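K.L.:
sequence first, predicted coordinates after that:
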Amino acid sequence: MPLLYSAITVLAIATPAIAQSSDSLTAVRTRIGISGYGTINYFHYEWDTDPSRRNAIDTERLVLYPTYRFNDKTFVKAEIEFEHGGTGVTKEFDRFEEFGEFETEVEAGGEVLLEQLHVDFTLSRRLGIRVGRVKLPFGIASYADEPAEYYTTVRSPAERAIIPVNWYEVGIQAYARLSSIEAMVSVVNGLDATGFSSASWVARGNQKRFETVNAENFAVAARLDWFYLQNTDSRFGISFYVGDSADNRPKPDLKTGAVVAIADAHWALHRGPLHARALVLYGHLGNAEAVTKANRSLSNNLNVKRTPVASSALAYYVEAGYDVLRFSGDGERRLFAFGRFECYDSMHRTTGGVFDNPRWERTAYTAGLNWHVLEHVVFKATYAHRKLGVKTSNVENTFSTGLGFAF
């Protein structure tokens, strides 16, 4: 009896504590959220520029968005991206060697990236501030970035050839929404001019090669969108970016400024079964010839292109898709037939002795189908015909198909 009495006493004392612990755990779980998306693609190439290019299958990316809400007005958000299957190194013991041998193997050749990490402070119903590593809302791909939100198997090459996609930097971002107007202003670290090149202008200047980000130069980015049709994503807007990139180089080897200035105008229409978008993007780089000369002497270990850099770049495209199942009576399944025309030149203008290679003036025609078997699951098939240079016959034809999903 004394033993039974003691057990009952301990249980009576412990039960409220266990219940309280369980309640606390439940409360924590309600504050945690996770969402994400993924894409898997197949590519068949017929390129005059690279006849031996081999077909490929790519687990392009898996993106996870973990969040934790401290209270109704403050939460932290991260974005973890696994590209091309992720990356990993393993070590194993081979007992069949003469004395036994430890072997190190690279298991995958992709990347694992922490793209976003910021705290979001909601100041009012219309105003908020983010502090940390934030996404710069530039162009169309910055907001139409999940598989069901863009038609092709990969995001627009017109944008990817000029600016970083998606574009993330560290700093402070303020946002506001008033009726049908949405505005955003960011002060962030600048680009690194060693990553600039002929093929992709400043797109590889997004600092990812080192453990820390150089912050000698900062930049200001702003965006303004007008949502002209209620309860849709139909919008017209403009974006700007201005920032020096000279002093963010790994070494202080550029004695002049290298200011990057970019502007875009973007438009989207979502009306019933018709979805359409258009974008014009223009960028200018100050002292491009000095950047080109400095980049020629960079180390091979830096893994940059070291090719001539243009003083200006230009890209524009227009696309439209129509849901041919709109009137089938099945509200969940959709089948979009789409087409897109795009032109982009990452060597639009050059200065001094910088060679303007005409092959980087690219024109592409793309068409295909998007079959949404569920609201957040889409199968894609696209065919792209791309011509390099106005006066050349170099053609790159690519057929691709893929699966995209979000949760």
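P.N.:
That came in fine, so what should we check first?

K.L.:
what's the distance between residue 401 and residue 154?
P.N.:
According to Cβ to Cβ, to the nearest Å, residue 401 stands 12 Å off from residue 154. Placement of C-beta: from N, CA and C, glycine included.

K.L.:
again with residue 162
P.N.:
15 Å.

K.L.:
okay, now the unreliable bits of the stretch 101-250 of the chain?
P.N.:
Along the stretch 101-250 of the chain, segments meeting pLDDT under 70 span 101-108.

K.L.:
where do the strands sit along it?
P.N.:
Per DSSP state E, counting those that start in this stretch, the stretch 101-250 of the chain has strands spanning 101-122, 127-135, 168-178, 181-189, 218-226, 235-244. These are given in chain order.

K.L.:
what about the residue lying closest to residue 318 once chain neighbours are set aside, neighbour count?
P.N.:
Leaving aside its chain neighbours, residue 318 sits nearest to residue 278 (4.3 Å; criterion: Cβ to Cβ, 6 or more residues apart in numbering). A count of nearby residues for residue 278, using other Cβ atoms under 10 Å, gives 17.

K.L.:
for the closest residue to residue 352 other than its chain neighbours, phi and psi?
P.N.:
Spatially, and ignoring its direct neighbours in sequence, residue 352 is nearest to residue 289 (3.7 Å; Cβ to Cβ, 6+ apart). Main-chain dihedrals, residue 289, degrees, to the nearest 10: phi -70, psi -40.

K.L.:
burial count for residue 289?
P.N.:
So residue 289, with other Cβ under 10 Å, has 17 neighbours.

K.L.:
flag every buried residue along stretch 274-287.
P.N.:
275-287 (16 or more other Cβ atoms under 10 Å).

K.L.:
so the one helix or strand the residue nearest to residue 318 maps to versus strand 235-244, what angle?
P.N.:
Assigned by DSSP states H and E, residue 278 belongs to strand 274-285. Strand 274-285 and strand 235-244 meet at an angle of 20 degrees, taking axes from the mean of the first three to the mean of the last three Cα atoms, to 10 degrees as the criterion.

K.L.:
go ahead and measure how far strand 274-285 is from the middle of the chain.
P.N.:
Taking Cα atoms, centre = their mean, to the nearest Å, one finds the center of strand 274-285 at 16 Å from the center of the full chain.

K.L.:
packing partners for that strand?
P.N.:
Of the remaining helices and strands, those touching strand 274-285 by 3 or more Cβ pairs under 8 Å, 6 or more residues apart in numbering; DSSP states H and E are helix 157-160, strand 259-271, strand 312-323.

K.L.:
out of the ones you listed, deepest packed?
P.N.:
For the helices and strands packed on strand 274-285, the largest average neighbour count (mean count of other Cβ atoms under 10 Å) is found in helix 157-160, namely a mean of 22.

K.L.:
low-confidence ranges in the stretch 301-407 of the chain?
P.N.:
Within the stretch 301-407 of the chain, the set of residues satisfying pLDDT under 70 comprises 329-331.

K.L.:
find the centremost residue of the protein, please.
P.N.:
The chain has residue 166 as the residue nearest its centroid, 2.1 Å off, counting by Cα atoms, centre = their mean.

K.L.:
pretty sure residue 290 belongs to a helix, no?
P.N.:
Yes: under DSSP: H, G, I helix; E, B strand; the rest coil, residue 290 sits within a helix.

K.L.:
distance of it relative to residue 173?
P.N.:
For residue 290, the distance to residue 173 - Cβ to Cβ - is 31 Å.

K.L.:
looking at those two, which is more packed in?
P.N.:
The neighbour comparison of residue 290 against residue 173 (other Cβ under 10 Å) goes to residue 173, with 22 against 19.

K.L.:
you'd agree that one is up against residue 127?
P.N.:
No: under the criterion of Cβ atoms under 8 Å, residue 173 makes no contact with residue 127, lying 12.0 Å away.

K.L.:
shared neighbours of those two, anything?
P.N.:
Residues touching both residue 173 and residue 127 (Cβ atoms under 8 Å, 6 or more residues apart in numbering): none.

K.L.:
leaving out chain neighbours, which residue sits closest to residue 147?
P.N.:
Closest residue in space to residue 147, ignoring its immediate chain neighbours: residue 404 at 2.3 Å, by Cβ to Cβ, 6+ apart.

K.L.:
that neighbour: helix or strand, and which one exactly?
P.N.:
Short version, using DSSP H and E: residue 404 is in strand 394-406.

K.L.:
that strand pairs with which strands, and in what direction?
P.N.:
Sheet pairing of strand 394-406 (DSSP bridges) gives strand 32-47 (antiparallel), strand 377-388 (antiparallel).

K.L.:
looking at those, which one is packed in the most?
P.N.:
Buried most deeply of the strands paired with strand 394-406, by mean count of other Cβ under 10 Å, is strand 377-388, with a mean of 18.
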